[in-house]
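Novice: sequence first, then the predicted structure:
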Protein chains: 2
Amino acid sequence: MKKFDESGDNCKSAIDISKYGILAGISETIVSTGLDTPNAAPIGIIRRNQKTFVRIFKGSQTGENLVRQGVLVANVVYDPLLLVRSTFFDIESSEFDFVDIGGKKFPVLKSAISWVAFKCTNLKNMEQTVVSDLIPLGAGFCEANRGATPAPNRGFNAVLEATVHATRYQLSGDKKYLEWIMHYESLASRCGGESEKKAMKLLYEVLGI
Amino acid sequence: MKKFDESGDNCKSAIDISKYGILAGISETIVSTGLDTPNAAPIGIIRRNQKTFVRIFKGSQTGENLVRQGVLVANVVYDPLLLVRSTFFDIESSEFDFVDIGGKKFPVLKSAISWVAFKCTNLKNMEQTVVSDLIPLGAGFCEANRGATPAPNRGFNAVLEATVHATRYQLSGDKKYLEWIMHYESLASRCGGESEKKAMKLLYEVLGI
């Protein structure tokens, strides 16, 4: 396990999360939680009006872990298959590394390009969601994955959109989401690489279409 | 002006364009052409079945430059405003750097994260487009812009989709594209940062909506 305080980047107040890919607006990260049994799910990290916060469904494992342990890790990932897998399935423990920050072991996805560990504060209970402010505790890069920034790819983006619509379809059963998903499947097929096609195939299997 | 052959990365056959962000599928780059008077426009670089190629509208400045000079530079850019500007307007000469490759001056966008210069070969004249195979001649990073890979942002992606639909709307006048654009404006507004909002505002001005 890596010790974060050995990395030379351990000044909490000085962490500029922009440097780790978390910019203004909503960053679509894969959030890992669970200091004991790690879990991962796609979650948007929201930066607006000088604040960083997150809104998570209460019933989810991520929501339960957040309330129980008060921490999360936002992973910047460009792997369309992991995006779909982490939405609908449990991720194997072997897919996480653990990073020590202040004596706690934070789960970081091995396939992340970069990550930011946050403390969750000022929790607000809404009807279906919990909203939490986020204070960065640590951040880093997974050097093995730190290649060039991939050019924008409409196929990858289409997998992201399809995944969002798939979760809405599962919650509501509204057929309009299936039309969106089919639109984005076509885009992923035309503009994506093999990874995007595999991801959409898995998404279709999950939805039984 | 930089001399590419001083960079130590001048072995033509060894250029792995993946390392500069041009991956499988269609990479949505901003292509610069014109060794004398530089020009830029969003163009997809297609990688499929071990081939890299491009399909460009004949009537465009980029198409004319490609046929006349047989070279282009693919720039990896994550700037939503530049995406919209380069679609509908000329880009100032001051926004380009020139890189010397084999005695020719290639225009590279100053705001690129990375770039690949290509020779265009095996040109095929289609009805409305010219299709050209691409052979990498040189590649590099603009160190000033080489920060962290930004997390996926549905707002940025929405600007990209809206721009694609806007060009189709201008070509066809079909109102269905306006509905797409309005959908993506809403997404850019909810998920994007200030840059995405400015980019959509400009897009609306261009379309007069």
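Specialist: Arrived safely. Numbers count the residues shown, from 1 in each chain, chains lettered A, B, ... in the order given.

Novice: so who does the closest residue to A:Thr62 other than its chain neighbours touch?
Specialist: For A:Thr62, ignoring the flanking residues on the chain, the nearest one in space by C-beta to C-beta, 6 or more residues apart in numbering or on different chains is A:Ala41 at 4.7 Å. Using the backbone N, CA and C atoms, a C-beta is placed for each residue, glycine as well. Listed by C-beta atoms under 8 Å, 6 or more residues apart in numbering or on different chains, the contact set of A:Ala41 reads A:Ile30, A:Val31, A:Ser60, A:Gln61, A:Thr62, A:Ser86, A:Thr87.

Novice: which residue ranges of chain A form strands?
Specialist: Counting by DSSP state E, chain A has strands at residues A:2-3, A:25-33, A:39-48, A:51-57, A:71-76, A:96-101, A:104-109, A:114-125, A:129-141.

Novice: longest helix of chain A, counting residues only.
Specialist: Secondary structure of chain A per DSSP state H: the longest helix is helix A:154-172.

Novice: so where is chain A shaky, pLDDT-wise?
Specialist: Along chain A, segments meeting pLDDT under 70 span A:1-13.

Novice: could you redo the last one with a cut-off of 50?
Specialist: A:5-12 (pLDDT under 50).

Novice: beta partners of the spatially most central residue of chain A?
Specialist: The residue lying closest to the centre of chain A (C-alpha atoms, centre = their mean) is A:Ile30, at 1.2 Å. Beta bridges link A:Ile30 to A:Pro42, A:Asn75 when assigned by DSSP bridges.

Novice: gap between it and A:Leu202?
Specialist: Going from A:Ile30 to A:Leu202 by C-beta to C-beta, to the nearest Å gives 15 Å.

Novice: swap in A:Gly44?
Specialist: Counting by C-beta to C-beta, the gap from A:Gly44 to A:Leu202 is 21 Å.

Novice: then A:Pro152?
Specialist: Note on A:Pro152: its distance to A:Leu202, by C-beta to C-beta, is 23 Å.

Novice: before we move on, back to that, surely the residue nearest to the centre of chain A is in contact with A:Pro42?
Specialist: Yes: under the criterion of C-beta atoms under 8 Å, A:Ile30 makes contact with A:Pro42 at 5.4 Å.

Novice: mutual contacts of the two, please.
Specialist: Shared contacts of A:Ile30 and A:Pro42, counting by C-beta under 8 Å, 6+ apart, come down to A:Leu83, A:Ser86.

Novice: now list the buried members of the contacts of A:Ala41.
Specialist: A:Ile30, A:Val31, A:Ser60, A:Thr62, A:Ser86, A:Thr87 (16 or more other C-beta atoms under 10 Å in any protein chain shown).

Novice: which ones are touching the second one?
Specialist: Residues counted as contacts of A:Val31 (C-beta under 8 Å, 6+ apart) are A:Ala40, A:Ala41, A:Pro42, A:Ile43, A:Ile45, A:Val54, A:Ile56, A:Thr62, A:Leu72, A:Val73, A:Ala74, A:Asn75.

Novice: so what's the residue count around the first one?
Specialist: For A:Ala40, the tally of surrounding residues (other C-beta atoms under 10 Å in any protein chain shown) stands at 30.

Novice: that one and chain B, how far apart?
Specialist: 15 Å (C-beta to the nearest C-beta, to the nearest Å).
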